[in-house]
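# Would you be able to build a 3D model of this:
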Amino acid sequence: MRIAVMAAGAVGGYFGARMAAAGHEVHFIARGAHLDAIRKDGLKVESPLGNLHLKDAKATDNPAEVGPVDIVLFAVKLWDTEKAAEQAKPLIGPNTRLITLQNGVDSVERIAPILGADHVVGGIAFISAVISAPGAISHNGQFAGMHFGRIDAKPDAALTAFADAAKAASVDIKIVDSINRDRWQKFIFLVGLSGVTAATRSTIGPIMADPETRAFYRQLMTETLAVGRASGVPLNDDFIEDRMTFADGLPKTVKASMAADLERGNRLELDWLAGKVVALGRAKGVPVPANEAVYTLLKLHRMGAP
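Okay, the predicted model is just below:
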């Protein structure tokens, strides 16, 4: 298959590298020092699931050089969504499917007016990874998978072909007919993890071990679930307890990418995570004091270091 990864950050780069290693034609859309390093030395992935070094990785900063592909793995930062979707137009052919693996809860709705609803597919990635150095991705933990599906839940031959190819490449992948609920469940977990690890400047281990920070983490997720319900999404109370149990089992060193961005002085996705919960809470009349606290604590840092 012909696959484009836009952009070749930690998430998109990881899954794109797995597909390239399995023999598929993968084009990595990157920029700056990361692009220069991939062009010079290839793309490296360090992972408990197996290291990779794609010495001849195809990388560019111009999607027009790639042309139409079968699949676009779309994993840009949330503030770049519309701009990147416009830039992705040369990648879209009649049967192309763009799978968004972004952190937020409204990416499909933001991209569909630009590229066409039939081309845009909701997706969620289950992975903890960072760009450890230009041209290098560090994957943490034993989980690395993705779920995706059409918002209208219709069968899609193009998605089935990609899922089959990814499974053959040993990628943990699944097509679902409940992507709207599933992306909200991912959003609930991520709002909690990003909020508590960034606000406390801590990894998840100490947070879960302390009664007050543990309760704060739970409250962040509980508020987000309430906002989702008020938005018409079918969500169950037991999901919160399930995520608490999951967090207890995570490596103690895990933290959200937003916490890593905060440490590095990078721009934060705050407005589309805790900030989105605050905005929706106000619109729906749902109190969200814990998320308001996270937003207030991090607001002055959301554009990154001067």
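# make it CA atoms for all contacts and neighbour counts henceforth
Noted.
# Which neighbouring elements make contact with the helix or strand containing His53?
Per DSSP states H and E: His53 is located in strand 52-54. Using 3 or more Cα pairs under 8 Å, 6 or more residues apart in numbering; DSSP states H and E, the elements in contact with strand 52-54 are helix 10-21, strand 43-46.
# Ala157 is nearest to which of these?
For those, proximity to Ala157 was assessed by Cα to Cα; helix 10-21 is nearest, at 18.7 Å.
# Could I get the helices and strands packed on strand 52-54 in TSV, plus columns for distance to Arg110 and mean neighbour count?
As requested, the helices and strands packed on strand 52-54 are arranged in TSV below (distance: least, Cα to Cα, whole Å; neighbours: other Cα atoms under 10 Å):
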stretch	distance to Arg110	mean neighbour count
helix 10-21	19	23
strand 43-46	30	23
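# Let's have those in JSON lines, adding distance to Leu73 and mean pLDDT.
Below are the helices and strands packed on strand 52-54 laid out as JSON lines (distance: least, Cα to Cα, whole Å; pLDDT from 0 to 100):
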{"stretch": "helix 10-21", "distance to Leu73": "6", "mean pLDDT": "96"}
{"stretch": "strand 43-46", "distance to Leu73": "17", "mean pLDDT": "98"}
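# so which of these gets nearest Lys284?
Using Cα to Cα, the nearest of the helices and strands packed on strand 52-54 to Lys284 is helix 10-21, at 32.0 Å.
# And the helix ranked longest in the chain, what's buried?
Longest helix of the chain, by residue count under DSSP state H: helix 179-200. By 16 or more other Cα atoms under 10 Å, the buried positions in helix 179-200 come out as 179-199.
# Output the next helix-or-strand element following it in CSV with nothing but the alpha carbons.
Using DSSP H and E, the helix or strand that follows helix 179-200 towards the C-terminus is helix 204-209. The C-alpha trace of helix 204-209 is given here as CSV (Å, rounded to 0.1, in the frame of the first residue of the first chain):
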residue,chain,number,x,y,z
ILE,A,204,1.7,8.7,36.9
GLY,A,205,3.3,6.4,39.6
PRO,A,206,3.5,9.0,42.4
ILE,A,207,0.1,10.5,41.4
MET,A,208,-1.7,7.2,41.8
ALA,A,209,0.1,6.5,45.1
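# What mean pLDDT does helix 204-209 get?
In this model, helix 204-209 carries a mean pLDDT of 98.
# Output the contacting helices and strands for that helix.
helix 179-200, helix 211-230, helix 238-248.
# Repeat the analysis, applying 6 Å as the threshold.
helix 211-230 (3 or more Cα pairs under 6 Å, 6 or more residues apart in numbering; DSSP states H and E).
# and the helix it packs on, how far from the chain's centre?
Taking the mean of its C-alpha atoms, helix 211-230 sits 20 Å from the chain's own mean (Cα atoms, centre = their mean, to the nearest Å).
# same deal with stretch 66-85?
12 Å.
# Not counting its own residues, what contacts the longest helix of the chain?
149, 203, 217, 220-221, 224, 255-256, 258-259, 273-274, 294 (Cα atoms under 6 Å, 6 or more residues apart in numbering).
# Return the member of those residues nearest to Arg267.
Met258 (8.6 Å).
# per-residue pLDDT, the closest one?
Per-residue pLDDT puts Met258 at 94.
# tell me the angle the helix or strand hosting it makes with helix 179-200.
If you go by DSSP H and E, Met258 is part of helix 257-264. Orientation check (axes from the mean of the first three to the mean of the last three Cα atoms, to 10 degrees): helix 257-264 against helix 179-200 gives 30 degrees.
# The next helix or strand after helix 257-264: which residues count as buried?
As assigned by DSSP H and E, the chain's next helix or strand after helix 257-264 is helix 274-284. For helix 274-284, the neighbour count (16+ other Cα under 10 Å) marks 274-281 as buried.
# Repeat that for stretch 80-91.
So, applying 16+ other Cα under 10 Å, buried residues of stretch 80-91: 81-82, 84-85, 88, 91.
# any idea which of these is the one closest to His27?
Out of the buried residues of stretch 80-91, the member with the shortest distance to His27 (by Cα to Cα) is Leu91, at 10.5 Å.
# Which residue, neighbours along the chain excluded, lies closest to that closest one?
Nearest non-adjacent residue to Leu91, counting by Cα to Cα, 6 or more residues apart in numbering: Pro68, 4.1 Å away.
# isn't that neighbour right up against Ile92?
Yes. Assessed by Cα atoms under 6 Å, Pro68 is found in contact with Ile92 at 5.0 Å.
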